[in-house]
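# Here is my input; please provide its structure:
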Amino acid sequence: MELILWRHAEAEEGMPDSARKLTDKGLKQARVMAEWLKPRLPKNTRIIVSPTTRTQQTATALDDNFETVRAIGPGVSAKAILAAADWPNAKGAVVVVGHQPTLGEVAAFLMSGDPVEWSVRKGAIWWFSSKNKGDIAEVVLHASISPDML
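Predicted structure coming up:
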């Protein structure tokens with residue numbers, strides 16, 4: 001299984017939090033990252049997105065064909081994200097477009113087994129794979145890229 005964690009791009013300040021839109025910089029961040037991701041994603045990649053405006057706008061830069069999943073909205077647990085993505089059992093790839101600090105907690109858990117708060121920059125992706133070597137499950141980090149690196 002491939003799991004791509006994608007933090008929403010830069011959003012405007014304001015309330016309500018769920019209605020915050022991407023800034024011009026955020027729209028560019030989402031577009032640049034989507035251009036990098038598109039040719040690399042396996043066919044039939046599932047894209048699941050938090051219901052907030054900023055995550056929906058970020059995902060739209062990649063594809064209009066995505067699922068809005070309330071279970072991955074702001075403030076959920078790392079376990080909720082992994083359950084929604086069906087990690088590590090899903091077939092193929094899953095892109096999760098979500099929020100901090102939860103995406104950082106997922107990355108930390110996958111890498112260390114401890115869901116501490118790691119920082120994921122706005123608009124960045126962390127790409128993981130789950131592979132089995134005999135009876136041992138292995139997590140591999142393929143990429144950690146922020147839009148300013150592209």
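# Would you agree residue 116 is in contact with residue 108?
Yes: counting by C-beta atoms under 8 Å, residue 108 is a contact partner of residue 116 at 4.8 Å. Using the backbone N, CA and C atoms, a C-beta is placed for each residue, glycine as well.
# Neighbour count for the two, which is higher?
Neighbours were counted for residue 116 and for residue 108 using other C-beta atoms under 10 Å; residue 108 has more, 19 against 12.
# what about the helices in this protein?
Using DSSP state H, the helices of the chain run over 24-37, 53-60, 78-85, 102-112.
# and among those, the most buried is which?
Sort those by mean neighbour count, taking mean count of other C-beta atoms under 10 Å, and helix 53-60 sits at the top with a mean of 23.
# What residue in the protein is the furthest from its centre?
residue 134 (28.5 Å; C-alpha atoms, centre = their mean).
# From residue 66, how far out is that residue?
Taking C-beta to C-beta, to the nearest Å as the measure, residue 134 falls 35 Å from residue 66.
# before we move on, what about residue 100?
Residue 100 is 20 Å from residue 66, where distance means C-beta to C-beta.
# same thing with residue 53?
For residue 53 relative to residue 66 (C-beta to C-beta), the value is 14 Å.
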